[in-house]
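[1] structure, please.
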Amino acid sequence: MTKWWQRRSDSRLAQQADGLHAQGKRLLAEGKAQQAEDAFREAVELRTQLLGPDAEATLQARVDGTHALLILKRLDDAEEELRDVLRRCSGSPNGSDQLLLARVHYALGLVLRAASRLQEAEVEARTVMSLRKAMPLDPLLLAAWGLQAFTLGDLGRHAEAVQKYAALGGALTEVKGDTRLRILKARSDSTPHLSYLGRYDEAESECRAIVEAAKLNGFVPLHMAACNNLVFALAGLGRFDEGELVARAAIEHAAGLADARFGNTLHLTLAKCLNGQHRYEEAARAVGQAKVGFLKTSATRNSDLAAVGIATAAGLLGLGKHAAAEKEARGARANCEPGFSATHHRTLEADQLIGLALAGQGRLLEADEALRANYAAWKANFGEDHPNTASAAAALAELAREAGSSSA
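    Prediction:
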């Protein structure tokens with residue numbers, strides 16, 4: 001009788017643990033991260049009591065709980081949790097243990113990327129891909145592929161990111177079910193890197209195709225992102241007036257969306273087009289709107305503030321306010337450091353603006369040092385023919401002329 005009662009009690013507790021685990025997933029999907037974390041923690045406690053701390057079900061609940069910790073920005077707690085789970089995993093190359101191990105490495109990759117530990121995050125993504133390589137259409141493998149592509153982009157390895165996104169899009173075409181949104185997103189995520197590489201024509205063509213497909217299928221967030229990327233490509237081509245029209249139309253559309261991020265980023269690309277037309281005061285107002293929007297949300301990243309600083313510094317340079325431009329450019333450079341490598345396109349943009357601001361203040365020796373380093377970085381990482389390599393060379397030539405005039 002006692003054993004029967006114990007089994008019945010254990011069964012009820014197991015059902016309760018399963019219910020809490022499912023509840024945690026549901027709350028996480030609803031964006032209720034703290035409540036989800038509480039549910040996962042209770043599920044872990046029950047499963048530890050019933051099955052032990054090393055049971056697969058216990059460990060899986062712990063892994064899922066770290067996704068809530070990630071949203072709550074408790075990155076140290078999430079990493080500590082995942083590394084303890086890794087120590088407990090058997091690492092068996094077969095069966096469920098291997099799948100659990102891959103899930104742990106993927107979650108750890110997400111945490112490390114959020115902590116701006118990009119090299120480590122990329123290693124975790126590759127580890128997942130190695131563990132799941134025998135299953136080419138495995139959802140976890142494809143997710144890790146996307147994580148790797150994103151991380152490569154942050155590392156400034158833009159050409160590799162383009163290749164990875166293209167391969168991911170190709171793989172998704174083989175997956176059963178409706179993958180249209182995921183395929184278009186992979187293509188869309190690739191287009192900023194095409195522009196970074198100076199492949200503006202390709203970026204424009206791809207963006208226009210994505211804009212139309214997203215509009216046709218009702219993928220509103222993707223449509224906004226593709227419009228923003230299109231404006232960026234048009235600005236790179238020097239077609240600032242066209243970019244302005246696209247940006248303003250998209251901003252009007254974005255005004256009705258719950259997610260204000262789209263409007264913020266579109267105001268920044270609008271400012272890029274306005275700066276390109278020497279309409280610096282208008283550009284400053286557009287940047288100001290973006291900055292206010294970004295500062296209202298906790299989801300704002302350092303990379304967003306870096307983009308704000310770059311757009312602001314470019315406008316100030318146009319207005320001849322070189323000291324203020326230097327301050328903004330240095331702030332942008334500092335905001336690049338947590339999330340981007342020293343060779344990322346945005347980081348090098350900030351470096352170039354610092355050099356130009358120094359030159360504008362007549363600090364020619366400092367400007368020469370900064371611009372020479374910037375030119376060398378563009379050339380080494382993007383090639384002799386890249387537009388920014390050419391503009392850095394032109395800035396050095398102009399600086400040499402100024403130095404010659406000063407000494408004459």
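[2] show me what secondary structure element comes after the helix or strand harbouring Leu13.
    Leu13 is part of helix 2-29 when elements are defined by DSSP states H and E. Note on helix 2-29: by DSSP H and E, the next helix or strand toward the C-terminus is helix 33-51.
[3] mind listing what's buried along that following helix?
    Residues 33, 35-44, 46-48, 50-51 are the ones in helix 33-51 that count as buried (16 or more other C-beta atoms under 10 Å). Every C-beta, even on glycine, is put in place using the N, C-alpha and C of the backbone.
[4] and stretch 338-349, by the same measure?
    Gly339, Phe340, Ser341, Thr343, His344, His345, Arg346, Thr347, Leu348, Glu349.
[5] same check, this time on stretch 351-371
    For stretch 351-371, burial by neighbour count (16+ other C-beta under 10 Å) applies to 351-360, 363-364, 366-368, 370-371.
[6] ok, so what distance separates the most centrally placed residue in the chain from Lys272?
    The chain has Phe150 as the residue nearest its centroid, 6.1 Å off, counting by C-alpha atoms, centre = their mean. To Lys272, Phe150 is 23 Å away according to C-beta to C-beta, to the nearest Å.
[7] for His253, same thing?
    19 Å.
[8] okay, the two: which has more neighbours?
    For His253 versus Lys272, the count of surrounding residues by other C-beta atoms under 10 Å is larger for Lys272: 25 against 17.
[9] for the more buried one, give me its contacts.
    When the contact criterion is C-beta atoms under 8 Å, 6 or more residues apart in numbering, the partners of Lys272 are Val231, Phe232, Ala235, Phe240, Gly243, Ala283, Ala311, Ala314.
[10] of those residues, grab the buried ones for PyMOL.
    Here is the PyMOL selection string for the buried members of those, based on 16+ other C-beta under 10 Å:
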select buried, resi 231+232+235+240+243+283+311+314
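[11] and which of the contacts of Lys272 is nearest Tyr106?
    Phe232 (29.8 Å; C-beta to C-beta).
[12] packing partners for the helix or strand hosting Arg87?
    Secondary structure from DSSP H and E places Arg87 in helix 75-88. Judged by 3 or more C-beta pairs under 8 Å, 6 or more residues apart in numbering; DSSP states H and E, helix 75-88 is in contact with helix 56-71, helix 95-114.
[13] least confident of those, on average?
    Between the helices and strands packed on helix 75-88, the lowest average pLDDT goes to helix 95-114, which shows a mean of 88.
[14] and the angle for that one with helix 56-71?
    Going by axes from the mean of the first three to the mean of the last three C-alpha atoms, to 10 degrees, helix 95-114 is angled at 10 degrees with respect to helix 56-71.
[15] what comes into contact with helix 95-114?
    Contacts of helix 95-114 (C-beta under 8 Å, 6+ apart): 56, 59-60, 63, 66-67, 70, 73, 75, 78-79, 82-83, 85-86, 89-92, 118, 120-122, 124-125, 127-128, 131-132, 140, 143-144, 147, 150-151, 154.
[16] only whichever of those are buried, select them in PyMOL.
    For the buried members of those, the matching PyMOL selection, counting by 16+ other C-beta under 10 Å, is:
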select buried, resi 56+59+60+63+66+67+70+75+78+79+82+85+86+89+118+120+121+122+124+125+127+128+131+132+140+143+144+147+150+151+154
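[17] so where's the stretch 51-200 of the chain shaky on pLDDT?
    The model of the stretch 51-200 of the chain has pLDDT under 70 over residues 90-96.
[18] gap between Lys321 and Tyr280?
    To Tyr280, Lys321 is 9 Å away according to C-beta to C-beta.
[19] try Ala39
    From Ala39 to Tyr280 the distance is 52 Å (C-beta to C-beta).
[20] with Gln289 instead?
    Applying C-beta to C-beta to Gln289 and Tyr280 gives a distance of 15 Å.
[21] thinking again about what came up before, the residue nearest to the centre of the chain sits in which helix or strand?
    Using DSSP H and E, Phe150 falls in helix 139-154.
[22] give me the angle between that helix and helix 95-114.
    Interaxial angle, helix 139-154 versus helix 95-114 (the same axes, to 10 degrees): 20 degrees.
[23] so which elements touch helix 139-154?
    Short answer (3+ C-beta pairs under 8 Å, 6+ apart): helix 139-154 packs on helix 95-114, helix 118-131, helix 158-172, helix 180-196.
[24] possible to save those as TSV with distance to Ala329?
    Listed next are those as TSV, based on distance: least, C-beta to C-beta, whole Å:
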stretch	distance to Ala329
helix 95-114	26
helix 118-131	23
helix 158-172	21
helix 180-196	18
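[25] of all the ones you listed, which lies closest to Asn217?
    helix 180-196 (6.1 Å).
[26] by contact count, what packs against that closest one?
    helix 139-154, helix 158-172, helix 200-217, helix 220-236.
[27] do that again at 10 Å, thanks
    On a contact count with 3 or more C-beta pairs under 10 Å, 6 or more residues apart in numbering; DSSP states H and E, helix 180-196 meets helix 139-154, helix 158-172, helix 200-217, helix 220-236, helix 345-360.
[28] distance from the chain centre to the first one, please.
    This points to helix 139-154. Counting by C-alpha atoms, centre = their mean, to the nearest Å, helix 139-154 is centred 11 Å from the centre of its parent chain.
[29] what does the pLDDT read for the residue lying closest to Arg333 once chain neighbours are set aside?
    Sequence neighbours aside, Ala350 is the residue nearest to Arg333 in space, at 4.0 Å (criterion: C-beta to C-beta, 6 or more residues apart in numbering). You'll see Ala350 listed with a pLDDT of 97.
[30] how many neighbours does Ala350 have?
    26.
[31] kindly report the same for Gly170.
    By other C-beta under 10 Å, 11 other residues sit near Gly170.
[32] that one against Ser190, yeah?
    No: assessed by C-beta atoms under 10 Å, Gly170 is found out of contact with Ser190, at 11.8 Å.
[33] show me the contacts for the closest residue to Val246 other than its chain neighbours.
    Excluding the flanking residues, the one nearest Val246 by C-beta to C-beta, 6+ apart is Val231, at 5.2 Å. Each residue near Val231 by C-beta atoms under 10 Å, 6 or more residues apart in numbering is listed here: 207, 239-240, 242-248, 250, 265-266, 268-270, 272-273.
[34] ok, now with 6 Å
    Shown in contact with Val231 (C-beta atoms under 6 Å, 6 or more residues apart in numbering): Gly243, Val246, Ala247, Thr269.
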